[in-house]
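Undergrad: pasting the sequence and the predicted coordinates here, then a few questions.
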Amino acid sequence: MSTKWLKTVGATLALTVAAGTASAETLRVVTDPSFVPFEMMDQETGEMIGFDMEIIREVADRAGFEIDLNTMDFNGIIPALQTGNVDIAIAGITITEEREEIVDFSDPYYDSGLRILVRQDNGKVGEISDLEGVKIGTKIGSTSYDYLMKTLDKNDGVTPYPGSSDMYMALMSGAVDAVFYDAPNVGYFASTRGEGKVKTVGKLYEGQQYGIALKNGSEWVDDVNEALASIKEDGTYKKIYEKWFGPMPEDM
């Protein structure tokens, strides 16, 4: 048996072991199943689908880890990262200074903002100042709730809901007069289930950027950022974006 053959076999085994170790690394990923079209449950297959879901699966594939995906209410996501119960979260999470103090964030992967949604026949609400003293639905733990509490003097009518579907149903039933929440989610509802019944009004408030959140001190931040950069460079990001939101703006 030649020495050259032994070296070749040894090198092959080493590569196989290394590859097996890398592929065996599974990270606990969590999302909020109610933030359409970023993440939602496919009722036929039981699989989580949406813009964020395609992004995180592509990132995981390129960064070299596998996903153990679970769901929870949005307001529990940051605490779960803090305690180390999960490794990564993606759920349209806005990057804020307060959150950056307790978790790590990837580079931004989506530019967003906040938007007002009212019933189709509402002609009284056109901007944020019109929400003073009005019954408003928003989401627990969201930046939209924080914005309303800081901006409105009369904010006792603000009702935080656990899921986005709850606040939209409250608007449709007349329990609240307006919804204030992330623009892409509001717009998606207005053009699908709420078409002809609700409308978005006013400008985009408080420009925001979404990031993938990781537990503080995570060793995966650089790998995730490199994966995000590569999917933008090779056109994969654009393809995913336009599948869920239509034509991508040139400045993104």
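TA: Now that the structure is in, tell me what you want to look at. Residues are numbered from 1 along each chain as shown.
Undergrad: tell me the domain boundaries of the chain?
TA: 22-109+211-245, 112-208 (automatic domain parsing).
Undergrad: make JSON lines from these and add mean neighbour count to it.
TA: (Glycine included, C-beta is placed from N, CA and C.) Shown next, in JSON lines, are the domains of the chain (neighbours: other Cβ atoms under 10 Å):
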{"stretch": "domain 22-109+211-245", "mean neighbour count": "18"}
{"stretch": "domain 112-208", "mean neighbour count": "18"}
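Undergrad: would you convert those domains into JSON lines that also reports mean pLDDT?
TA: As requested, the domains of the chain are exported to JSON lines (pLDDT from 0 to 100):
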{"stretch": "domain 22-109+211-245", "mean pLDDT": "95"}
{"stretch": "domain 112-208", "mean pLDDT": "94"}
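Undergrad: dump stretch 66-77 to CSV, keeping only the CA atoms.
TA: C-alpha atoms of stretch 66-77 as CSV (Å, rounded to 0.1, in the frame of the first residue of the first chain):
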residue,chain,number,x,y,z
GLU,A,66,-28.9,24.2,9.8
ILE,A,67,-32.1,25.5,11.3
ASP,A,68,-34.3,24.3,14.1
LEU,A,69,-37.2,26.6,13.5
ASN,A,70,-39.8,27.5,16.1
THR,A,71,-42.5,30.2,16.6
MET,A,72,-43.5,32.4,19.4
ASP,A,73,-45.3,35.8,20.0
PHE,A,74,-43.1,38.7,19.0
ASN,A,75,-42.9,40.2,22.5
GLY,A,76,-41.1,37.0,23.7
ILE,A,77,-38.4,36.9,21.0
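Undergrad: tell me which element the residue sitting nearest the centre point of the chain is part of?
TA: Centroid-nearest residue in the chain, with Cα atoms, centre = their mean: G92, separated by 1.9 Å. Using DSSP states H and E, G92 sits in no helix or strand.
Undergrad: likewise for L148?
TA: Applying DSSP H and E, one finds L148 within helix 143-151.
Undergrad: quick check: next helix or strand after that helix?
TA: strand 158-161.
Undergrad: just want the angle from the strand ranked longest in the chain to helix 143-151.
TA: In the chain, with assignment by DSSP state E, the single longest strand is strand 198-210. Counting by axes from the mean of the first three to the mean of the last three Cα atoms, to 10 degrees, strand 198-210 lies at 100 degrees to helix 143-151.
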